[in-house]
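Q: Whatever this is, show me its structure:
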Amino acid sequence: MSLIKEFKTFAMRGNVIDMAVGIIIGGAFGKIVASLVNDVIMPPIGILLGNIDFSQMAIVLKKESIDAAGKTIPATTLGYGMFINTVINFLIVALAIFAVIKVMNAAKKKEEAAPAVPPPPSAEVKILSEIRDILRTR
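A: Have a look, this model is predicted:
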């Protein structure tokens, strides 16, 4: 039973929950970036380069053929166009994460640089200060 209890304590920590939320949001963000690259960024770049569709760019290693039974054997290709799209996806995600971390670090520095407000004096200190002030006036 102690193993289950220990796992429950581990799983209910704030860090694990935060990490799970981060992974889910990261996955959704990755899909958004993939759509941005494939549907928005790459088509204009392809047009500028002469109507090139990067997702279709590939090197044919072995052409399509038909075997003795009349069955079509698909071509073997090296799809470097999709690799280019994936690299651009990665660069955009890396840039976004870099920007978020940069903002977080700047906020943390401001928080550290701000002097802490001293706590209010206790009732005992207030009474002693009043006594001191009365004694000074005499």
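Q: Can you read off the pLDDT for residue 132?
A: For residue 132, the pLDDT comes out at 90.
Q: no wait, residue 14
A: Taking residue 14 on its own, its pLDDT is 65.
Q: now the helices for the protein?
A: 2-11, 14-35, 42-48, 80-113, 123-137 (DSSP state H).
Q: Quick one: work out the angle between the second one and helix 80-113.
A: Compare the direction of helix 14-35 with that of helix 80-113 by axes from the mean of the first three to the mean of the last three CA atoms, to 10 degrees and you get 140 degrees.
Q: Go through helix 14-35 and flag the buried ones.
A: Using 16 or more other CB atoms under 10 Å as the test for burial, helix 14-35 gives 33-34. (Glycine included, C-beta is placed from N, CA and C.)
Q: Show me what it is packed up against.
A: Applying 3 or more CB pairs under 8 Å, 6 or more residues apart in numbering; DSSP states H and E, we find helix 14-35 packed against helix 80-113.
Q: Quick one: mean pLDDT over the helix it packs on.
A: Per-residue scores along helix 80-113 average to 82.
Q: Which parts of that helix count as buried, going by neighbours?
A: Those would be 81, 84-85, 88-89, 92-93, for helix 80-113 by 16+ other CB under 10 Å.
Q: quick one, what contacts the closest residue to residue 74 other than its chain neighbours?
A: Distance criterion CB to CB, 6 or more residues apart in numbering; nearest residue to residue 74, sequence neighbours excluded, is residue 64 at 5.8 Å. Neighbour list for residue 64: 72-75 [criterion: CB atoms under 8 Å, 6 or more residues apart in numbering].
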